[in-house]
Each structure stands twice: as C-alpha cells, then as structure tokens.
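Q: Okay, sequence plus prediction incoming.
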Amino acid sequence: MDFTIPEDLEMVRRTARDYFNDRILPVVDKIEEEDEIPPELIKELAEMGFFGLPFPEKYGGVGIGELGYCLVLEELGAAAPFGNLIGAHTGIGAMSIYLGGTEEQKMKYLPDLCAGKKIAAFGLTEPSAGSDAANLQTTAVRKGDKFIINGSKQWITNGNIADVIIVYAVTDKALGARGGVTAFIVEKTFPGFKVGKIDQKMGLRGSHTAELIFEDMEVPAENVLGEFGAGFVTAMKALDVGRIGLAGGAVGGAQKLLEMSIQWAQQRVQFGQPIANNQAIQWMLVDMATKIHAARLMTYNAAWKMDQGQKCTREAAMVKLYASEMACEVADMAVQIHGGIGYMKEYRIERAYRDTRILKIYEGTNEIQKLVIARELLKAGK
Amino acid sequence: MKVAVLVKHVPDTETRIQVKPGDKKINEEGVTYIISPFDEFAMEEALLLRERLGDVQITAVALGPQKATEALRTCLALGADDAILVSDPAFEGADAYVTAKALAAALKGGNYDLILAGKQAVDDDAAYVGTAVAEFLDLPVINLVTKLEVNKAAGTAVAARDLDGYSQVIEVKLPAVFTAQKGLNNPRLPALMGIMKAKKKEIRTLNAQALGLAPNELGAEGAKVEVKEMFVPSKARKNKVLTGAPAETAPELVKLLAEEAKVL
C-alpha cells in the first residue's frame, strides 16, 4: 500500500500553491470587497490550465485526473473562496459533457472549456426541484430538428458568466427522473436564453450564482447531451466527481484555518502566557487536525478510486458529507480560538466561517448524501 | 540556435538550515528543494529568447544527485526541450571548481550558442561556476547580466550589466556564457499542461566515465577548496535600544539605519 502522491502531481500541486500565493492571495481582500474576480486573473488561471484539470490531453485538458484535480482544489481552497467557480465549470459543467457526451460533442466543446475560453455551468436546480431532481418543471419538447425548452433554473453557479450551460429538462414526465430527464448543451447565444436575477449570498464573494430563464429557447437536436432520456444518470455521475472535488477544497480551506489558529494561539497572550498553553485550546487544535487528516485521506482515496475507473458513488457521498461537516466544525473552532478578532470583518476567519457553510448544502445537501449512502448500503448489504 | 541553461537544485530559501554537529554539510532531512532563484532568471531568459527568435533549442543542465532531476523536470515543464543530469557518487564533496569542470565536460561538443546560468547559487554563494565553465570551454563570459539581446544573423549578443554606480553595455561574439542577475526578467511558473508534458521529455544522465573525467579530478580529491567546519551560527540578539531625548536619539537612529542597517 503506497500513499505517495506521484511526483508529477506533487509538482502540479506545488505550482498551483506558488501561483495562488503569488497571484491570488494579494487580491482576495479586494475580491471580497468588490464581489468580483478581476477578469485578468480569470484569464491567467485559464492560461495556466486551471480550467481543464481532470480532462485528457486530447480534449485540451491537463490530464491529471480526479486526484490531481483534488490536490489543486485543496490548494485553491486554502487561498481563496472561489474554488466553486472552477468546481462548477470543471467538476460538474464540463464534466457532464465529458461523462455523458458523444465523441463529437466532446471534441466540439471541451477544448474551449479546458482553455477557459468558454465557461461552463451546471443547470439542475429549480425553484421547486433541488434535492428532488425528479420534480423538475423545465420541459423540452421536440419540434423538427430542434427542442423547445421552457422553464427556469436557480442558484446556478457561473450562471451569469457561463457560455455553455448543461440544462436538465423533463422530456417525458411519465418516466420520472430515470428516463424522463434529458440533458442539453445550451449556448448562451441560443434564442430564448436569458440570465435573470444574480443572487446575494452569505459568502463565496467573487463567485456568482444566477437565475436562468428559458422562454421558448431553441436548442438544436444535436445538442442533446449523449443519450436522450439519460440526463439524470449523467447528472448523478457528474455530481460524484463534483463532490470529491468539493471535499478537496474543504480540506484545503480547513488546513489553512488550522494553520492560522495555531499561529494565533501561539501569539495571543492572556494571563501572562500564550493561549496555546491551555489544554482547552490545544484540544480544539487536535480535533481540527485529526478531522482534517481523516477528510484528506478519504478524499484522496475516493479520487484515486475514481481514477482507477471504479464506481465510487458511495465514497463520493461520504467524503462530501464528512469533509463539509469537518470544514464547518473547523471553521467554528477557528472562530472560537481567535475570539473577538475571529468575529471581525477585517479578518479572514469570519469570512471563512461564512464561506464554509454552503459546503453542507450545495452539490447535494448532506441529507441527500445520507440518502445516497443509505441506498448504497441497503443495496449492497454491507 | 542552441541554448544551454545551467541550473542548481538548492534548499528552499525558506528552509531552516540544520547541521549535525561534526558534519561538513547540511542535514538534508525534510528539506525541500527549489531551483536556485538566479538560475530561474537564466531559464526564463532562454524562454524569452525562444519567443523572440523562434527556433531556439533549450537544454537544461544540472549537476547533483538523482534528486536534482526535480529541478530539470521543472525546466522541462517550463519549456526546455531536453535535459542533462551530471550525476555520479564520485562527485560527493565536489567544490565549485569540480562542478564547473564536470559541467563544461557535459557541455563540450554540444555546440551551444549561449550558455546561461545564475550569477550564483543561493546555497553556497560561490558565484564561481558560470565563469569557470566559460574558462574550461575557452569562451567569453559576461557576468551579472540584466539585459540581453541576441543578433542571430550577426552571431553576436549585447548584454547590459548594472554595476555599483554605473551601467555597462557589452557586445560579444557568440558562443558565450552569461550569468543572470536579478532584474533580467520575471520568471514565470510552468503551465500545468507543461508539467504533464515534461514527463515525456528525456533527461539524459551522464556519469564521470561518460564525461571522460578521471577519479582524481572528482569529488573532494579534485576540489581546490576544502570545507573545514560547518555550523549554524548562534543567534545572538543584537537589539539596540537608544535612550535619551528624541532630539538626540533621532539623529543617532538615522545614522544607524544608514550605516549599520543600510536601509537608508
């Protein structure tokens, strides 16, 4: 059993860390304040290859698989809260095309998406269908060589900047989720496509979620992603990938909070000594470090398993569940260790506390993860 | 054109250096390595030359243990076409003189138009290898270069150097050796794609025999200098507290900042 990260992936990780420290850390406060990532930074990220991490080289990707993708998201998670921009683009948006698309569709869309020339989004959630994906109200009806799509999506990460959106729509209500939902590759230029309200969120500033509105939107039949009626399966597969990547980001963010907390505990003097001398503080640090370690190993293992081509729906749900709970606990302890300063806007702890909370909700709420794990458990009997 | 870039694998500048008592080298345990920052300028300049001139073949060359391949792998990721690792257990204890001799042997016959190196490595700070390589290869050398322009057709290069209080511009006929000073350029990071592509590029390893070097020319035996002792200096705190009226201490402070701290 060898837990060593391959040398090339370590180099990718180191390069990502150097790049984030050098280029992103100096501007994170500005991003928080302005709620906007500088466009030139996005361009640079794209040039470095950050938008095509897991995909094979033939589609213009970096070809570092899920494990490499997780390592980079871990580093990004430590530096900035907009890993979800890359996560939504790569892990679920472009990933839907990679997992569900025909070879032609992959060749047509992936190179531009990998190069960051185009940004992707994943359009599943609707006002009345989040966890209950079978209750989608968006419909697609065939009309000649086109499909006409009507409905709306909400809270779509990258929705306002995406060029390519994977839209999940009901094509046969009677068949339900499996068989009755089809995925479509929608370009923002298609007639009838509109970006609605851009949301005001609790955190993750710089990354935006938006409402998407489809009014008699015309989508060419060739843009049915993969097989007709296979949308739900594709969505679930993409979410498996996304969940592992999310866990990577959670681990990175938590690690950073641990390091900041250790530093603060050693520096903050109360009653004539650093608070790090108090067992109450030490035990919080211990809990943080232990949980981070567990989440990291779970994440790497699930990513590795996925790279081996093994099914890991159960593990993906487990790492998403555990890593997000862990990250929220770590953020809470980080605020506690920092005390008053941890609650102040000017310090990054308060920000991390807000940014972390969404991890238990998006890419499937933690309750849905439990439902997925329970199903898998009962199916397998072990 | 052919450009060789000499790079050295050195401990990360943020490493807390430790030496075991009695040892004459640092304790390498837990040390992470980087390319010596001045060598990064050299590598970046090679890449810029290629961007300006087009057809430029870049070979990265390092001398060191097997671990030094990491530095070469980074050069390949940045865009070097191939790499040479000069490595042999017999180099243990080599000084800058032996290093330069071995690197020169590896470069000989390679028909490089330019050989670029950092002005010094940040570990031993010998600032010797670039110049000595030029000497062994009987080539001109321009040190501390902050600007470099190559005229391919004329087979010449013009280099600028910032010296203490003045600048100098030197024209030289190629082939020649140049050592890079801070200010020459801003080194880039490798694109992630480059890292994965670097896996497929070749790193040739040359040992002492392949270089045609005799055992008495190598390692401690061939070295011209000998390390007698190595230790981490004790950190005596040298805080100075100026006491007295502000009107008296302020001029004293300015004087100390200018003369001792040398920050003014």
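A: On my side now, so go ahead. Numbering: from 1, shown residues only, chains lettered A, B, ... in the order given.
Q: all strands of chain A, in order?
A: A:120-123, A:139-143, A:146-157, A:164-170, A:181-187, A:193-198, A:209-220, A:269-270, A:273-274 (DSSP state E).
Q: Just send those strands back as CSV, with mean neighbour count, distance to chain B and mean pLDDT too.
A: From N, CA and C alone the C-beta is placed, and that goes for glycine too. Below are the strands of chain A laid out as CSV (neighbours: other CB atoms under 10 Å in any protein chain shown; distance: least, CB to the nearest CB, whole Å; pLDDT from 0 to 100):
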stretch, mean neighbour count, distance to chain B, mean pLDDT
strand A:120-123, 28, 18, 96
strand A:139-143, 16, 36, 96
strand A:146-157, 21, 22, 97
strand A:164-170, 26, 21, 97
strand A:181-187, 25, 24, 97
strand A:193-198, 14, 30, 97
strand A:209-220, 19, 27, 97
strand A:269-270, 10, 20, 96
strand A:273-274, 12, 20, 97
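Q: Now tabulate those in a markdown table and tack on distance to A:Ala327.
A: A markdown table is the format used below for the strands of chain A (distance: least, CB to CB, whole Å):
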| stretch | distance to A:Ala327 |
| --- | --- |
| strand A:120-123 | 21 |
| strand A:139-143 | 37 |
| strand A:146-157 | 18 |
| strand A:164-170 | 26 |
| strand A:181-187 | 30 |
| strand A:193-198 | 26 |
| strand A:209-220 | 19 |
| strand A:269-270 | 27 |
| strand A:273-274 | 26 |
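Q: wouldn't B:Ala117 be in contact with B:Gln181 here?
A: No. In this structure, B:Ala117 is not within contact of B:Gln181 by CB atoms under 8 Å, at 11.2 Å.
Q: what do those two both touch?
A: B:Phe38 (CB atoms under 8 Å, 6 or more residues apart in numbering or on different chains).
Q: okay, these two: which has more neighbours?
A: Neighbour count, other CB atoms under 10 Å in any protein chain shown: between B:Ala117 and B:Gln181, B:Ala117 has more, with 31 against 19.
Q: Enumerate the residues of chain A near chain B.
A: A:7-8, A:11-12, A:15-16, A:18-19, A:22, A:47-50, A:53, A:57, A:62-64, A:72 (CB under 8 Å from any CB of the partner chain).
Q: hmm, try it at 7 Å
A: Contact residues (CB under 7 Å from any CB of the partner chain) of chain A with chain B: A:Asp8, A:Met11, A:Val12, A:Thr15, A:Asp18, A:Tyr19, A:Glu47, A:Met48, A:Gly49, A:Val62, A:Gly63, A:Ile64.
Q: which residues sit against stretch B:91-107?
A: B:4, B:6, B:61, B:63, B:84, B:86, B:115, B:126, B:128-129, B:132-133, B:136-137, B:206, B:211-213, B:217-220, B:222-225 (CB atoms under 7 Å, 6 or more residues apart in numbering or on different chains).
Q: Return the set of buried residues in that stretch.
A: Using 16 or more other CB atoms under 10 Å in any protein chain shown as the test for burial, stretch B:91-107 gives B:91, B:93-107.
Q: Quick check: helices, which of the contacts of stretch B:91-107 are part of them?
A: B:Val129, B:Ala132, B:Val133, B:Phe136, B:Leu137, B:Leu211, B:Gly219, B:Ala220, B:Gly222 (DSSP state H).
Q: Is A:Val167 in contact with A:Phe184, as I believe?
A: Yes. Assessed by CB atoms under 7 Å, A:Val167 is found in contact with A:Phe184 at 4.8 Å.
Q: which residues do those two both contact?
A: Joint contacts of A:Val167 and A:Phe184 (CB under 7 Å, 6+ apart) are A:Ile149.
Q: Could you find the closest non-adjacent residue to A:Pro220?
A: Leaving aside its sequence neighbours, A:Pro220 sits nearest to A:Lys146 (CB to CB, 6 or more residues apart in numbering or on different chains; 5.9 Å).
Q: That neighbour and A:Arg178: what is the separation?
A: Note on A:Lys146: its distance to A:Arg178, by CB to CB, to the nearest Å, is 25 Å.
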